[in-house]
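*Asks:* Predicted model and sequence follow; I will ask about them next.
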Amino acid sequence: MLTHWDKGNNDGAHQRHHHQKTQSKFYQQSTQLLMNKAETLSIIEGNFTPDEANEILSQMINSKIKYHNLRNLSSQVRYGTDDEISHTRIPGLMQEMEKLQAIVSEANNTNKRVVVTSAIKIVLMDE
């Protein structure tokens, strides 16, 4: 079955090329900005119930723990040793999870909402 892409419709190819060109310009502009200063990404901003805050932040922390577990496993398979950064980072993330659980418990016990603001600062640096 032929789709409109298969029928010689060049509009899609043109749109993809234009999109790639636009992305490339944006990437170049962003890279120039980063070389001159730090950039900040606003990731989380909101007023949440304790359960909502727990879900959002637990998923973020768990994602980082999974990342470091995979990185550590990869190092063990490839080099026969733990990845030093991941090996030390995982316990720190586990402590952060415990702090989060304490905060959520306190918010639930005192019938409070949880205000979360999370920004990530990005700076390019030479290797």
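*Replies:* Sure, I can see it.

*Asks:* roughly how far apart are the residue nearest to the spatial centre of the chain and residue 76?
*Replies:* With distances taken as Cα atoms, centre = their mean, residue 60 lies nearest the centre of the chain, 7.7 Å away. Plainly put, residue 60 is 25 Å away from residue 76 if you go by Cβ to Cβ, to the nearest Å. Backbone N, C-alpha and C define where each C-beta goes, glycine included.

*Asks:* and what of residue 44?
*Replies:* Residue 44 is 33 Å from residue 76, by Cβ to Cβ.

*Asks:* Buried by neighbour count: which residues of the longest helix along the chain qualify?
*Replies:* In the chain, taking DSSP state H as the definition, the longest helix is helix 50-79. Neighbour counts over helix 50-79 (16 or more other Cβ atoms under 10 Å) mark 50, 53-54, 56-57, 60-61, 64-65, 68, 71-72, 75 as buried.

*Asks:* Next secondary structure after it?
*Replies:* helix 84-109 (DSSP states H and E).
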